[in-house]
Structures are given as C-alpha cells and as structure tokens.
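In: I would like to see how this sequence folds:
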Amino acid sequence: MNVIIVSHESDVDGVFSASMVLMRYPQAKILFTSYGIENFERISELIYREIIEKAGHGLLVFCDLGLNKEILPLMSEVFEFVRSNNWSILWLDHHPWTDKALELFGEDIVEDRKLILDTSGDKCASELVYEFFLKGNIIAKDLAVIAHTSDFLIRDQFLPPLSELIVYYKTFPNFYPRLTNLSLKISKGTLWDTEMQEEYRIFSNLRDESKTESWKKLRELNLENGIRMMVIPAGPYIQTSLFSEEIFQKTNADIIFFLTKDGKVSIRRSNPILKCNDIAAELLEGGGHKYAAGGRVRSDPLDMNLVIIELKNAVVNSLKK
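Out: Model prediction:
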C-alpha cells in the first residue's frame with residue numbers, strides 16, 4: 001500500500017511520530033512541515049505530486065499537526081483531492097481543534113477520513129501513534145515515553161539533546177533530508193551516534209553565543225494586572241522551550257515571547273492563568289497548546305516597540321476570553 005507521512009518538523013514529538021508510523025509502514029514517504037499558510041501550501045503541492053506519481057489507493061497520515069483557520073480552506077481542497085484519488089486520511093494530533101476544523105472529519109465521510117484526537121492534554125502525538133499502530137511494540141513504547149518526556153518537559157529520565165539537534169538542522173539548506181535521515185535512524189531504535197555527537201558539539205558553541213546575545217536584548221514589561229512579560233530576540237540556534245526554562249529560573253517572568261527576525265513568535269508561560277494558545281490566536285497563524293504556542297506578529301519585527309505593543313495586547317485580550 002502507498003503511504004505518505006506528514007509530520008511536525010519542529011520537535012521530538014513530530015519526528016518520533018513519523019518514525020513510528022515508518023516502523024508500521026517501512027515503504028512510506030516522509031514529509032515534514034511546520035505551521036503557516038506558506039508551509040502548508042508547500043506540503044500540499046508535495047502531496048499532490050506524490051499521489052499523482054503513485055498508482056493505486058493509499059493512506060495519508062498526518063501527525064502532531066493541528067488545523068487553524070488560515071489553512072482550513074487549503075486543507076479542505078487537499079482532502080477532496082485525496083479522496084478523489086481513492087486515498088484515505090488518518091490524522092493523529094493532540095492540539096486544540098476548533099469546531100470548524102472538526103467538520104473536515106464529519107460523519108458522512110468517516111469511511112475515508114479518521115481523526116485520532118486527544119483532548120485531555122495528557123498525551124503527545126507519539127503516544128497516539130503508538131496506541132493506534134504499534135500497541136505492544138517495545139521499541140515504539142519507549143519512543144512514545146521519550147517523546148512524552150520531551151514534549152511536556154518532564155525531567156523523569158535522561159534524554160539525548162535531539163530537540164536541539166533539530167534546531168541545528170534547520171539552519172542548513174538540506175534541512176528536510178537531514179530530518180528524514182534522523183527519523184529513519186529513530187525508527188530503527190538509534191537515538192544517538194558519533195555523527196550526531198559531532199554535530200551537537202558544533203551546535204552547542206553556536207547556541208551559547210546566541211543565548212548570550214539574546215540576554216543582552218531582552219525587553220521586560222509589567223502589565224497592569226501584575227503579569228511580567230518578556231520579549232527576547234531569538235537567533236536560529238535557540239531551542240525555545242529549553243531556553244525559556246533558563247529564563248524562568250533566573251527571573252520572575254510570567255510569560256516569554258521569543259521573536260525571530262522574520263516575525264515568528266514562540267510563546268512560553270510559567271503562570272497557569274495564561275494560555276499560550278489563546279494568546280497565539282490573537283496573532284497571525286497562531287496555534288499550539290496552553291503551555292506552549294506560536295504565531296507571527298503583524299508588526300514590523302525590526303520595530304521592537306510596535307512588536308511589544310502587539311504582544312501586550314495579545315496577552316490582555318486573551319485574558320478576556
């Protein structure tokens with residue numbers, strides 16, 4: 001059977017999800033993507049091309065990706081194309097979904113579109129893949145546990161720094177082949193090797209230099225409701241979840257926004273009254289979880305004053321929901 005895997009490119013959970021589906025379907029083609037309309041347009045074109053080139057029916061599997069309002073019309077078209085070519089869709093995810101997004105998996109088309117969605121907030125996508133495809137497989141179970149630890153930032157076991165290695169791979173023009181190669185290694189149970197060790201040695205020096213520069217540019221803002229907000233420019237070698245832990249430990253920040261030069265924002269919180277996904281919903285292409293989310297600012301990312309105002313308003317508006 002023809003199989004295409006589309007998974008989240010930015011973290012361990014996305015890579016492990018793809019790796020475990022690959023364990024079930026070794027013949028599968030892996031495609032990685034992130035959020036944003038441009039990313040989904042790119043992945044849609046790849047899906048069209050792959051399905052046209054392959055003969056017969058097939059299965060399209062999405063892992064660790066949610067649907068927001070910007071990409072719903074596009075994905076609706078993709079779904080119709082997939083269905084018209086006698087392919088089925090299976091989507092496994094643990095992000096919050098809107099009612100409008102859920103309509104893509106209506107009862108009338110349940111035979112060729114299936115959604116495995118965790119709404120408890122207690123599972124990562126890799127755990128859903130394990131339970132659906134590989135229940136009882138010892139390697140897959142271990143991978144799901146590792147992904148859970150990484151995704152929820154639980155310090156219950158030692159983990160190789162795969163999340164930072166993914167960040168490093170993003171700085172290369174051959175990012176997707178590197179990520180696919182990593183996923184292939186993981187599907188065979190290889191979590192670290194000498195090649196990865198050398199890559200990480202180089203990366204760690206670049207990361208430390210980037211963190212030093214980011215600390216110098218950190219901006220603080222105290223909101224009227226007592227919430228302490230921080231905005232920090234983040235270079236390409238920053239793994240935001242890990243760096244946010246360091247910042248929270250050294251400050252009393254309630255929420256941190258990591259801002260890239262092209263206007264992408266990663267949101268992390270330490271105060272549970274704040275919901276990162278609600279804040280992200282106030283931005284362009286926003287989505288994610290209560291504890292971690294992302295989006296894009298409408299303001300010029302080089303004008304920090306305007307960016308701070310926009311992010312402040314996003315926090316204030318989110319608290320009104």
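
In: what's whichever helix in the chain runs longest in contact with?
Out: If you go by DSSP state H, the chain has its longest helix at helix 194-217. Outside helix 194-217, the residues that touch it by C-beta atoms under 8 Å, 6 or more residues apart in numbering are 160-161, 164-165, 167-168, 232-239, 243, 246. In this view, the C-beta of every residue, glycine as well, is placed from N, C-alpha and C.

In: spell out the residue ranges of the helices in the stretch 1-150 of the chain.
Out: According to DSSP state H, counting those that start in this stretch, the stretch 1-150 of the chain carries its helices in the segments 12-24, 37-53, 72-84, 99-102, 125-133, 138-151.

In: and the shortest one, which residues are buried?
Out: Within helix 99-102, the residues that qualify as buried are Ala101, counting by 16 or more other C-beta atoms under 10 Å.

In: for the longest one, same thing?
Out: Buried residues in helix 37-53, counting neighbours by 16+ other C-beta under 10 Å, are found at Asn39, Phe40, Ile43, Ser44, Ile47, Ile51.

In: not counting sequence-adjacent ones, nearest residue to the last one?
Out: What that stands for is Ile51. The shortest distance from Ile51 to any non-neighbouring residue, by C-beta to C-beta, 6 or more residues apart in numbering, is to Asn85 (5.2 Å).

In: which parts of the protein belong to which domain?
Out: By the assignment in automatic domain parsing, the chain contains the domains 2-192, 211-318.

In: okay, those in JSON lines with distance to Arg201 next?
Out: Shown next, in JSON lines, are the domains of the chain (distance: least, C-beta to C-beta, whole Å):
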{"stretch": "domain 2-192", "distance to Arg201": "11"}
{"stretch": "domain 211-318", "distance to Arg201": "13"}
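
In: possible to save the ones you listed as a markdown table with distance to Ser204 and mean pLDDT?
Out: Shown next, in a markdown table, are the domains of the chain (distance: least, C-beta to C-beta, whole Å; pLDDT from 0 to 100):
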| stretch | distance to Ser204 | mean pLDDT |
| --- | --- | --- |
| domain 2-192 | 8 | 94 |
| domain 211-318 | 9 | 94 |
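
In: where along the protein do the strands fall?
Out: Under the criterion DSSP state E, the chain contains strands at 2-8, 29-33, 58-63, 87-93, 113-117, 219-222, 228-233, 255-259, 264-269, 284-288, 292-296.

In: Ile154 is nearest to which of those?
Out: Nearest of the strands of the chain to Ile154, taken as C-beta to C-beta: strand 292-296 at 13.5 Å.

In: return the distance of the closest one from the chain's centre.
Out: Remark: strand 292-296 is offset 10 Å from the chain centroid, using C-alpha atoms, centre = their mean, to the nearest Å.
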